[in-house]
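[1] Task: produce atomic coordinates for the following.
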Amino acid sequence: MSIIIKPLITEKMTIITEKSQRYGFIVNKKANKIEIKKAIDSLYHVNVELINTMINPGKSKSKYTKSGFIKGKTSSYKKAIVSLAAGEIIDFYSNI
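    A predicted model of the protein is given here:
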């Protein structure tokens, strides 16, 4: 079971990271805060102080095509916002 799916790199998350050294990740829905902390510690070699998690529900979507309306739904996901110890950073772009 992979705990960390991908980091959140959005405009809003970038602003939060610059202001308060908090990083966002999309994680497995079944993972708890202890597992998330261990995964981030081992993957990025940083000390995690605080983790906030939230489950974002899927949104219903619809579009109009030649054959009529098509309705669907995006999948829900769990988001973790991680606060690091003072002076530590995570560089997502180091191995590009």
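[2] Can you read off the backbone torsions of the closest residue to residue 9 other than its chain neighbours?
    Once flanking residues are discounted, residue 9 sits nearest to residue 92: 6.4 Å by C-beta to C-beta, 6 or more residues apart in numbering. In this view, the C-beta of every residue, glycine as well, is placed from N, C-alpha and C. When read as degrees, to the nearest 10, the backbone of residue 92 gives phi -70, psi -20.
[3] burial of residue 92, as a residue count?
    Using other C-beta atoms under 10 Å, residue 92 has 14 other residues around it.
[4] swap in residue 82?
    Close neighbours of residue 82, defined as other C-beta under 10 Å, add up to 24.
[5] which helices and strands sit right next to the strand or helix carrying it?
    Using DSSP states H and E, residue 82 sits in strand 77-84. The contact analysis (3 or more C-beta pairs under 8 Å, 6 or more residues apart in numbering; DSSP states H and E) places strand 77-84 against strand 22-27, helix 33-44, strand 48-56.
[6] at 6 Å what do you get?
    Contacts defined by 3 or more C-beta pairs under 6 Å, 6 or more residues apart in numbering; DSSP states H and E place strand 77-84 against strand 22-27, strand 48-56.
[7] neighbouring strands for that strand, and are they parallel or not?
    strand 22-27 (antiparallel), strand 48-56 (antiparallel) (DSSP bridges).
[8] quick one: buried residues of that strand?
    For strand 77-84, a neighbour-count test (16 or more other C-beta atoms under 10 Å) marks 77-78, 80-82, 84 as buried.
[9] can you list contacts of that strand?
    Contacts of strand 77-84 with the rest of the structure, by C-beta atoms under 6 Å, 6 or more residues apart in numbering, involve 21-27, 29, 36, 40, 46, 48-56.
[10] That one relative to helix 33-44, how many degrees between them?
    Interaxial angle of strand 77-84 relative to helix 33-44 (axes from the mean of the first three to the mean of the last three C-alpha atoms, to 10 degrees): 70 degrees.
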